[in-house]
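Enquirer: what would the 3D arrangement of this be:
(one chain, ligands or ions: 3)
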Amino acid sequence: MLDNKQLLYKILPYGCQMNFSDGERFAGQLERMGYKPADKMEDADIIIINTCCVRENAEKKIYGKIGEIKHLKQQNPNLILGITGCMAQKDGDKIFKKAPHVDFVLGTNKMYDLPAVLEEIYTSRGHIVKLAGDYDMPPNVEPAKNDSLFAYVPIMYGCNNFCTYCIVPYVRGRERSRAPEEIVAEITKMVQSGVKEVTLLGQNVNSYGKDRNDADFADLLTMVDKIEGIERIRYMTSHPRDLTDKVIAAIKNSKHVCEHFHLPVQYGTDKMLKAMNRGYTTAYYKELIAKIRRDFPNASFTTDLIVGFPGETDEDFSQMLEFLREIRYDAAYTFVYSKRSGTPAATMKNQVPEAIKKDRLHKLMDLQNEISLEINEKLLNQTVEVMVEGPSKTDKTVYTGHTRTNKIVLWQHKDEKVGDLVKVKITHPQTWVLKGELEA
Ligand code: SAH
Ligand code: SF4
Ligand code: F3S
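Expert: Numbering: from 1, shown residues only. Ligands and ions are numbered 1, 2, ... in the order given. Reported below is the predicted structural model:
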């Protein structure tokens, strides 16, 4: 510590839930060193930007943020600015060239070095960069104490899939699965301190345990389901190719694993799936969804979709819209293909012009919104179970929560408390939210 002043930290997570979870572990390290969370960036003694590089616009936003922080460093020369995560891993010391006011760069898998890096900065300030080289299994870094109902728990790191558009395997390394007993112990502790819902994280959770011989993903779900006091279990991301019957049976036999299937399809034609190296066909995927629907008639389905991948034609695109009409997802996360240098797709011929990509994105979103609304309208006058999360942002008398199928519900608050499971009758279903009334 520099002096007796209480030092404060601010962590800005970008990108996916994995980064959010890493951010909580950075926070854990800082709190064990005596730091406390800052309310505002202006108050912070250390700011960590935990970065994402999955698409170019994510990087642009982050470099913009790094630029904004320059004036804070002018006001407070002791402020330490660290850049961590996937873009840090990719750009390394190039970040100092673009932004010399950055103090340190820590790649993925190097977050456990944070205390040592800070000691080094206190004794002799200068640019420090540490990047993951061999992507070994990171030590178990405990997250900061969580006083919310929700927790993200990484069960594995890295990805072996090499989808041709994706940079994640290059910045996160190969798959490494954490020990099942370590995961169960961590979740048990969280549940004892008030967490009710956990989301198990990995780039492809269905591969969990393939690098071990003691448990696979189905076994892990069964173990987590038995933790005393846990209410809801979610997981992401589930690669359609690797979702086994054993996992489906484990979900069916569980009490707490939610009936929400996020199964990113990425595209709706065989030609594009092949070019993307996704490892399944549309026929396989449709049968998988049909199988799940037979077992879980009330399940919800969501997906990720990319438009504008190299070689995509109008014909491909209209087949994709047809595919969506057939599957009928509850919601979809839609992305415009972004060239990531070093990935196979970046050098493929027939890159799609930006204007066409944008046009397709809008058409895709319009169709999906129509489908989402139609599906939600079927919930009119139905009663759903919701976990109470607390007041909504805009109106303190209106409370909010999610269904097990991961839909957002809003209702007029009575005397229900945060963490309660309540029944809400849906009166105004919309595309993104369901509005309803609390049932007695
Ligand atoms: N491992 C997960 C998520 C990876 S990143 C999975 O396989 O689903 C989250 C989403 O970002 C992906 O599902 C994909 O739809 C999108 N994405 C990844 N790389 C992209 C790129 N280069 N351009 C546009 N979208 C991309
Ligand atoms: Fe990227 Fe594919 Fe791995 Fe997901 S499964 S992280 S999209 S390479
Ligand atoms: Fe982004 Fe890294 Fe996640 S690139 S999407 S933060 S794994």
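Enquirer: ok, now which ones touch the closest residue to residue 271 other than its chain neighbours?
Expert: Once flanking residues are discounted, residue 271 sits nearest to residue 316: 6.5 Å by C-beta to C-beta, 6 or more residues apart in numbering. In short, each C-beta sits where N, CA and C put it, glycine included. Neighbour list for residue 316: 267, 269, 271-272 [criterion: C-beta atoms under 8 Å, 6 or more residues apart in numbering].
Enquirer: and the helix or strand harbouring residue 316, what's buried?
Expert: Assessed by DSSP states H and E, residue 316 sits inside helix 314-327. Of the residues in helix 314-327, 316-317, 319-321, 323-324, 327 count as buried by neighbour count, 16 or more other C-beta atoms under 10 Å.
Enquirer: same question for stretch 377-388.
Expert: 379, 384, 386-388.
Enquirer: am I right that residue 388 sits in a strand?
Expert: Yes: under DSSP: H, G, I helix; E, B strand; the rest coil, residue 388 sits within a strand.
Enquirer: quick check: beta-bridge partners of it?
Expert: residue 401 (DSSP bridges).
Enquirer: do you know how far it is from residue 398?
Expert: Counting by C-beta to C-beta, to the nearest Å, the separation of residue 388 from residue 398 is 12 Å.
Enquirer: so where's this protein uncertain?
Expert: Counting by pLDDT under 70, the low-confidence segments of the chain come to 1-4.
Enquirer: which residue ranges form the helices in it?
Expert: 17-32, 56-68, 70-75, 86-91, 94-98, 114-123, 168-172, 180-192, 217-225, 245-253, 270-275, 282-295, 314-327, 354-377 (DSSP state H).
Enquirer: let me see the contact set for residue 387.
Expert: 149, 196-197, 231-232, 401-402, 419-421.
Enquirer: residues contacting the closest residue to residue 89 other than its chain neighbours?
Expert: Once flanking residues are discounted, residue 89 sits nearest to residue 107: 3.5 Å by C-beta to C-beta, 6+ apart. Residues in contact with residue 107 (C-beta under 8 Å, 6+ apart) are 84-85, 88-89, 92, 130-132, 171.
Enquirer: please redo it, this time with the cut-off set to 10 Å
Expert: 83-92, 113, 129-133, 135, 171-173 (C-beta atoms under 10 Å, 6 or more residues apart in numbering).
Enquirer: just to revisit the earlier point, just name the most buried of the helices of the chain.
Expert: helix 86-91 (a mean of 25; mean count of other C-beta atoms under 10 Å).
Enquirer: and that one with ligand 3, contact?
Expert: Yes: on the criterion C-beta under 6 Å from any ligand atom, helix 86-91 is in touch with ligand 3 at residue 86.
Enquirer: going forward can the numbers begin at 588, since that is how I track them
Expert: Got it, the first residue is 588 from now on, which makes the last one we talked about helix 673-678.
Enquirer: nearest to residue 629, out of the helices of the chain?
Expert: When the helices of the chain are compared by C-beta to C-beta, helix 657-662 sits nearest residue 629, at 6.5 Å.
Enquirer: all set, thanks.
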